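A.B. asks: Quick check, what structure comes out for this input:
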Amino acid sequence: MSKAFFFSGPGGFPFGAFGMGRRARFFESGEIRLTILSLLSEGPKHGYQLMKEMEERSGGMYRASAGSVYPTLQQLEDEGLVESAVIGGRRTYNLTAAGRKELEDDPDTVRRIWERAEQCEDWRGLWAPEAMYIYGPLIGLFKTGVQTVRRLSNSKDGVERVCGILERARRELERL
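C.D. replies: Alright, predicted model coming up:
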């Protein structure tokens, strides 16, 4: 069984699951800067709009804090990548030409950020009240699967059979 099986594929848990993935945080170093620049490339926004948009695009999995967004905006402004003006009583930020260039210098990272956000959006319903009804059966299935894999740990065929059963169940649920 390949390592890629764990929390990957259709519906895989975004940015690591319970510490099992390679990523412990939603953003890696420097990515929040690019995220803000990317959002501002769509048009002027104030800090609260940026925070809400990051939360919405991540399906609620990432909730930006004022303590991370506003200092980043100030730094971007100090570097000449964004400019601000007070509009309607709110400080609104706009991307400058230098900000556009910074954004264009790393399109792969920007693409990866938004792909990760899209993957998170698939998990939006995880917190819905109706989802609570299936947590008990899911935990039972998880526990039984783990116990079976442990019992069959010396049998590659047995482990692959368990994975196959779980994959068939996933596909059947998707068809509902």
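A.B. asks: Where does pLDDT dip in this protein?
C.D. replies: Across the chain, the ranges flagged by pLDDT under 70 are 1-27, 29, 120-127.
A.B. asks: how is it carved up into domains?
C.D. replies: 31-127, 128-175 (automatic domain parsing).
A.B. asks: most tightly surrounded among those domains?
C.D. replies: domain 31-127 (a mean of 16; mean count of other Cβ atoms under 10 Å). Glycine gets a C-beta too; all of them are placed from N, C-alpha and C.
A.B. asks: Distance from the chain centre to stretch 41-58, please.
C.D. replies: Relative to the centre of its chain, stretch 41-58 is centred 15 Å away, using Cα atoms, centre = their mean, to the nearest Å.
A.B. asks: just the strands in the chain please.
C.D. replies: 45-46, 82-87, 90-95 (DSSP state E).
A.B. asks: how about those strands, which one is nearest residue 110?
C.D. replies: Each of those has some distance to residue 110 by Cβ to Cβ; the shortest is strand 90-95, at 12.9 Å.
A.B. asks: Each with direction, which strands does that closest one pair with?
C.D. replies: According to DSSP bridges, strand 90-95 has the following sheet partners: strand 45-46 (antiparallel), strand 82-87 (antiparallel).
A.B. asks: Many thanks, we can stop here.
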